[in-house]
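model this:
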Amino acid sequence: MQRSCKRNKQIAIREDKTIFSTGQKKLQNRYDFAQFLPRELTLKIFSELDIRSLANAAMTCKAWNDLIETSDSLWYNHCLTVLAVCKREVQWDRAHGLSWKVTLMRNYKKSNIKRAWLDGQYSHIHSAEELLHNSMCEMDADAWGEILKAELER
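Alright, predicted model coming up:
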């Protein structure tokens, strides 16, 4: 069965979701906005995603993966949230030529844990055994110094 668009008789959509124009070959089997929209607009849409959704979108298909992996601008805004807590680490990574995506991946977990420490979420922990139930990562002496200073000020 074939349905026609009322406004534009040139475009038809079949039940199998194949989009085609009258008199033209089949364009595509799925609705993939990234193939039809300009690159800048597609990147704008992807830039609205959170980190997890962006990573999931990169796993959708090869075309999306290539676009997301090669677009440093998509990862830049997410790095700004990491930069607020891990300024020294992000600056070191960027000075050594790492991309925004790699910088984010290297520092994301550390920034979440450091932010939790600085916000006092671990202040109630009294022994190392209690820390085992919390997700931890390696931090350098400067990071632990910032955390210790925040704890002493509480």
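
list the contacts for the residue positioned nearest the centre of the chain?
Centroid-nearest residue in the chain: Ile51, 2.4 Å away (criterion: CA atoms, centre = their mean). Taking CB atoms under 8 Å, 6 or more residues apart in numbering as the criterion, Ile51 is in contact with 78, 104, 108. Heads up, the C-betas are built off the backbone N, CA and C, glycines and all.

Tell me where the model's unsure across this structure.
The chain contains residues with pLDDT under 70 at 1-30, 125-137.

Just the residues contacting the lengthiest helix in the chain, thanks.
Of all the segments of type helix in the chain, defined by DSSP state H, the longest one is helix 100-118. Applying CB under 8 Å, 6+ apart, the contact partners of helix 100-118 are 51, 69, 72-76, 78-79, 81-82, 84-86, 89-90, 93-94, 98, 122, 135-139, 143, 146-147, 150-151.

which among those end up buried?
Listed as buried from these are 51, 74-76, 78-79, 82, 85-86, 89-90, 93, 122, 139, 143, 146-147; burial here means 16 or more other CB atoms under 10 Å.

and the residues you listed, which of them are in helices?
Among the buried ones among the contacts of helix 100-118, the members falling in helices (DSSP H) are 51, 74-76, 78-79, 82, 89-90, 93, 143, 146-147.

farthest pair in these?
Pairwise distances among those were taken by CB to CB; the largest, 30.4 Å, belongs to Leu74 and Ile147.

tally of neighbours for Lys109?
14 (other CB atoms under 10 Å).

Kindly provide the distance from it to Ala55.
14 Å (CB to CB, to the nearest Å).
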